[in-house]
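Engineer: Predicted structure and sequence below. I'll ask about it afterward.
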Amino acid sequence: MAKALFALALWLCTSLSVLAATPQKKPPTWGELTQEQQQILAPLEVDWDNLEPDRKRNWIGIAKRYPKMKPDEQARVQRRMQAWAKLTPKERQAARERYKKMEKLPPDKKQGLKQQWEEYNRLPEQERRKLGSTPRKPAAPARPPKSPPEPTPPAQPEGPPNSVAPVPAANR
């Protein structure tokens, strides 16, 4: 009996290790997706065949859940897919890195960011556009001016079109 149990345990171990070593099925190419998947994932069509296998699997999982989503959730997924598809590879990599960084934040910091995001989303769309399109400038240190600015020289009268203005003697 002990030999039979040992043989069964050995068989299970080798069987499981073979299964674990078996590579996962390669995700489908764009042409191999179903028509429904292609319709849902349409914003990703151009990049689909260049996506990493894990990313393809994630998108396919989203496409499977998509029909069961509420219309507003579907619209949000489509907007995000379209926005993602418009990003350059460099921008996508930066987004992934920001996501990984945020995942490592302590819960209280995550909650604070979530609240800020919700406040931003409550703003009227026009206000959000204004905030999103305005590049943030680093705060310049406040310094008093060293000396009063020099007076600007009087404007030179314009000559006829295509003529060369005379060069003042001081600049020759």
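Structural biologist: Everything's here; your move.
Engineer: in this structure, what spans have low per-residue confidence?
Structural biologist: Low-confidence segments of the chain (pLDDT under 70): 1-24, 133-172.
Engineer: where do the strands sit along it?
Structural biologist: Using DSSP state E, the chain contains no strands.
Engineer: For it, which segments count as helices?
Structural biologist: 2-21, 35-40, 53-65, 71-86, 89-103, 107-122, 125-133 (DSSP state H).
Engineer: could those helices go into TSV alongside distance to Val46 and mean neighbour count?
Structural biologist: C-beta: built from backbone N, CA, C; applies to glycine. Converted to TSV, the helices of the chain look like this (distance: least, C-beta to C-beta, whole Å; neighbours: other C-beta atoms under 10 Å):
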stretch	distance to Val46	mean neighbour count
helix 2-21	34	9
helix 35-40	12	14
helix 53-65	13	15
helix 71-86	7	13
helix 89-103	12	10
helix 107-122	29	10
helix 125-133	24	10
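Engineer: nearest to Pro27, of these?
Structural biologist: helix 53-65 (3.8 Å; C-beta to C-beta).
Engineer: The closest one packs against which elements?
Structural biologist: helix 35-40 (3 or more C-beta pairs under 8 Å, 6 or more residues apart in numbering; DSSP states H and E).
Engineer: give me that answer again for 10 Å
Structural biologist: helix 35-40, helix 71-86 (3 or more C-beta pairs under 10 Å, 6 or more residues apart in numbering; DSSP states H and E).
Engineer: For the longest one, name the packing helices and strands.
Structural biologist: Put plainly, it is helix 71-86. Short answer (3+ C-beta pairs under 10 Å, 6+ apart): helix 71-86 packs on helix 35-40, helix 53-65, helix 89-103.
Engineer: mind redoing it with 7 Å?
Structural biologist: If you count contacts as 3 or more C-beta pairs under 7 Å, 6 or more residues apart in numbering; DSSP states H and E, helix 71-86 packs onto no helix or strand.
Engineer: Please report phi then psi for Pro27.
Structural biologist: phi -60, psi 160 (degrees, to the nearest 10).
Engineer: okay, the helices of the chain in JSON lines with distance to Thr29 next?
Structural biologist: Below are the helices of the chain laid out as JSON lines (distance: least, C-beta to C-beta, whole Å):
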{"stretch": "helix 2-21", "distance to Thr29": "25"}
{"stretch": "helix 35-40", "distance to Thr29": "11"}
{"stretch": "helix 53-65", "distance to Thr29": "9"}
{"stretch": "helix 71-86", "distance to Thr29": "17"}
{"stretch": "helix 89-103", "distance to Thr29": "19"}
{"stretch": "helix 107-122", "distance to Thr29": "36"}
{"stretch": "helix 125-133", "distance to Thr29": "35"}
